[in-house]
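Asker: I'll drop the sequence and a predicted model, then ask my questions.
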Amino acid sequence: MAQNYDVVVVGAGAAGVFMAYEFVKLDKNIKVCIIDQGGPVSKRKCPIDGKKVKSCIHCKVCSIMHGFGGAGGMSDGKYNITNNFGGDLYTFTGKEKAIELMQYVDKINLEMGGQDAKLYSTTSSDIKAMALKYDLHLLDAQVRHLGTDRNMQILQNIYDFVKDKIDIKFYESVQGITGKENDFTVITDKDEYHCSNAVVAAGRSGSKWISEICDNFGIKRRSNRVDIGVRVEIPAAVFEHITSKVYESKIVYRTKKYGDLVRTFCMNPYGEVVTENTNGIITVNGHSYADPALRTENTNFALLVSNTFSEPFKDSNAYGESIARLSNMLGGGVLVQRFGDLVAGRRTNEHRFGQTFLNPTLKATPGDLSLVIPKRQLDDIIEMIYALDKIAPGMANIDTLLYGVEVKFYNSRVDVDENLETAVKGLYVLGDGSGVTHSLSQASASGVFAARTISEKFN
């Protein structure tokens, strides 16, 4: 027999976590349940230790991607307070309201253990001026860096705050949602949950499942883009004059050869390169820590090329997946290549890799990225590296490491109204799974916003 709730939230990622917090804070006696196929914060641990386990072993449920906090939980905890990137939440809430919501999320993070986390500003005029000389554009934002370690502690504190007021079902996989307006049944591999409000917040990793739910309910979707690129690893000293002032330097460059946009993403000073398992595909990402004892001598960040497709092609995520699968096929996981080898047109083998002066932070397979990444995107990345070398000499060093591939999947934009509610009343889609947000701050803000909207029904 189905359990009854006022609200059932599918996904305990950033949107689900902050939605739970806001429901508890509002204290309107709303019966809420959150379901996630991962585990609590204390159980989230990737088995890769660099010693006994050096690469992804394809766990049934990836602890990096799933569990309380979602994929953002084990990230480096960067909250960008801006409407300039990270999603389009402001198109639903208005620009001022979107910033207000992100600042509210920031306030929660500080109260829950992030009070010592530094707030950076990317509006440093000297760096912006230096970048502009070479047609590099530094986007404006405020950035709160929590660090992976502090981020997990904050999530634990939020969990402790909400766990006795709402029900959280871990290690349950949602199979589907059935029903009609304000009358839904959420079906998992273990149970059924009946509710008047169903919230889909399954994140990017749930993109295929979200598409199926939308199709079943006749909810319109629009194809979105996919970003293809590499994760760059360099000595921290190369970018230190920039990261010490702005930390998350979001730099955009339009290539001269093709006119494509290339951007830096997820800057991790003194961090480490890590792997992610998304629907069985191994890609790369980066972490950095607040604790100085956990820092490395390297900085890593992604270089991503945006790909938006015209008709008749609609499945941009499948395109990104095919490239990532090819990398997995050739490298048994992640490939790594020295920049000098790439521009020389030669494969990085074990011998050449062993000669690098840089100490890599991820165990990856030396190889040739030109066999994986399409020529146009690879040309864009190479041109961007040479452009960055003008403001950060050493970027184009022979030993600069490129890990591939990094793919940022963007869910198809789900057709929702100003309350993030679909045409099916009572069915909401929010967070990165909606295609509306692409960042921790905006996904979290969408959870707060939707919780307030739903709560108004229970006055």
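Answerer: The structure has been received and is ready for your questions.

Asker: name the helices or strands packed onto whichever strand or helix holds I323?
Answerer: Per DSSP states H and E, I323 falls inside helix 316-331. On a contact count with 3 or more Cβ pairs under 8 Å, 6 or more residues apart in numbering; DSSP states H and E, helix 316-331 meets strand 226-235, strand 281-287, strand 298-307, strand 401-409. For glycine as for every other residue, the C-beta is placed from the backbone atoms N, C-alpha and C.

Asker: how far does it sit from the chain's center?
Answerer: 18 Å (Cα atoms, centre = their mean, to the nearest Å).

Asker: for that helix, buried residues please.
Answerer: Using 16 or more other Cβ atoms under 10 Å as the test for burial, helix 316-331 gives S316, N317, Y319, G320, E321, I323, A324, L326, S327, N328, L330, G331.

Asker: what's the burial count for I127?
Answerer: Counted by other Cβ atoms under 10 Å, the residues lying close to I127 total 19.

Asker: same question for the one 10 residues further on.
Answerer: By the criterion of other Cβ under 10 Å, H137 has 14 neighbours.

Asker: next: F161.
Answerer: Residues lying near F161 (other Cβ under 10 Å) number 16.

Asker: correct me, but it touches V24?
Answerer: Yes: with contact defined as Cβ atoms under 8 Å, F161 reaches V24; the gap is 6.5 Å.

Asker: element containing the residue lying closest to D140 once chain neighbours are set aside?
Answerer: Of all residues not flanking D140 in the chain, T123 sits nearest, at 5.0 Å (Cβ to Cβ, 6 or more residues apart in numbering). Assigned by DSSP H and E, T123 belongs to no helix or strand.

Asker: quick one: T123 and H241, what's the gap?
Answerer: Separation of T123 from H241 (Cβ to Cβ, to the nearest Å): 16 Å.

Asker: for M395, same thing?
Answerer: 12 Å.

Asker: more crowded one of these two?
Answerer: Each of M395 and H241 has its neighbours counted (other Cβ under 10 Å); M395 has more, 19 against 13.

Asker: pLDDT score assigned to that one?
Answerer: Note on M395: pLDDT of 97.

Asker: give me the phi and psi angles of it.
Answerer: The phi and psi values for M395, taken as degrees, to the nearest 10, are phi -60, psi -40.

Asker: name the nearest residue to it, ignoring sequence neighbours.
Answerer: Per Cβ to Cβ, 6+ apart, closest to M395 is D389, 4.1 Å.

Asker: quick one: that neighbour is in a strand?
Answerer: No: applying DSSP: H, G, I helix; E, B strand; the rest coil, one finds D389 to be helix, outside a strand.

Asker: follow-up on the earlier one: dump the helices and strands packed on helix 316-331 into a markdown table; add mean pLDDT as well.
Answerer: Shown next, in a markdown table, are those (pLDDT from 0 to 100):
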| stretch | mean pLDDT |
| --- | --- |
| strand 226-235 | 94 |
| strand 281-287 | 88 |
| strand 298-307 | 94 |
| strand 401-409 | 89 |
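
Asker: D368 is nearest to which of the ones you listed?
Answerer: Closest approach to D368 among the helices and strands packed on helix 316-331 (Cβ to Cβ): strand 401-409, 9.9 Å.

Asker: can you dump the C-alpha coordinates of the closest one into PDB?
Answerer: Provided in PDB are the C-alpha atoms of strand 401-409 (Å, rounded to 0.1, in the frame of the first residue of the first chain):
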ATOM      1  CA  LEU A 401      48.500  17.700 -18.800                       C
ATOM      2  CA  LEU A 402      45.200  17.300 -20.600                       C
ATOM      3  CA  TYR A 403      42.800  14.700 -19.300                       C
ATOM      4  CA  GLY A 404      39.900  13.600 -21.500                       C
ATOM      5  CA  VAL A 405      37.300  13.800 -21.800                       C
ATOM      6  CA  GLU A 406      35.300  16.200 -19.700                       C
ATOM      7  CA  VAL A 407      31.700  16.500 -20.800                       C
ATOM      8  CA  LYS A 408      29.100  18.800 -19.300                       C
ATOM      9  CA  PHE A 409      25.700  17.400 -20.100                       C
END
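
Asker: show me what the mean pLDDT comes to for the helix or strand that it is followed by.
Answerer: Counting by DSSP H and E, the next helix or strand C-terminal to strand 401-409 is strand 413-414. Strand 413-414 carries an average pLDDT of 90.

Asker: before we move on, back to that, now render the helices and strands packed on helix 316-331 as JSON lines, adding mean neighbour count and distance to G94.
Answerer: Compiled in JSON lines, these are given as follows (neighbours: other Cβ atoms under 10 Å; distance: least, Cβ to Cβ, whole Å):
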{"stretch": "strand 226-235", "mean neighbour count": "25", "distance to G94": "27"}
{"stretch": "strand 281-287", "mean neighbour count": "24", "distance to G94": "32"}
{"stretch": "strand 298-307", "mean neighbour count": "24", "distance to G94": "26"}
{"stretch": "strand 401-409", "mean neighbour count": "26", "distance to G94": "26"}
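
Asker: between these, which gets nearest to R204?
Answerer: Proximity to R204 (Cβ to Cβ) singles out strand 401-409 among these, at 5.1 Å.

Asker: partner strands of the closest one, with direction?
Answerer: strand 226-235 (antiparallel), strand 335-338 (antiparallel) (DSSP bridges).

Asker: please tabulate the ones you listed in TSV, including the columns distance to S205.
Answerer: Putting those into TSV (distance: least, Cβ to Cβ, whole Å) gives the following:
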stretch	distance to S205
strand 226-235	14
strand 335-338	22
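
Asker: before we move on, the earlier item: same list (the helices and strands packed on helix 316-331) but as TSV, adding distance to Q115.
Answerer: Shown next, in TSV, are those (distance: least, Cβ to Cβ, whole Å):
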stretch	distance to Q115
strand 226-235	30
strand 281-287	21
strand 298-307	25
strand 401-409	31
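
Asker: which of those strands sits closest to D380?
Answerer: Nearest to D380 among those is strand 298-307 (4.8 Å), distances taken as Cβ to Cβ.

Asker: the strands in the stretch 151-300 of the chain, which residues?
Answerer: 167-169, 174-180, 183-188, 192-200, 221-222, 226-235, 251-254, 261-268, 272-278, 281-287, 298-307 (DSSP state E, counting those that start in this stretch).

Asker: gap between the residue nearest to D140 and Q103?
Answerer: Here the criterion is Cβ to Cβ. By it, T123 lies 16 Å from Q103.

Asker: over to L335?
Answerer: In this view, L335 and Q103 are 40 Å apart by Cβ to Cβ.

Asker: with T356 instead?
Answerer: Plainly put, T356 is 43 Å away from Q103 if you go by Cβ to Cβ.

Asker: which of those two has more neighbours?
Answerer: Between T356 and Q103, T356 has the larger neighbour count (other Cβ under 10 Å), namely 19 against 15.

Asker: sec struct for the more buried one, please.
Answerer: Per three-state DSSP, the local secondary structure of T356 is coil.

Asker: pretty sure it sits against L402.
Answerer: No: here T356 lies out of contact with L402, judged by Cβ under 8 Å, at a distance of 11.8 Å.
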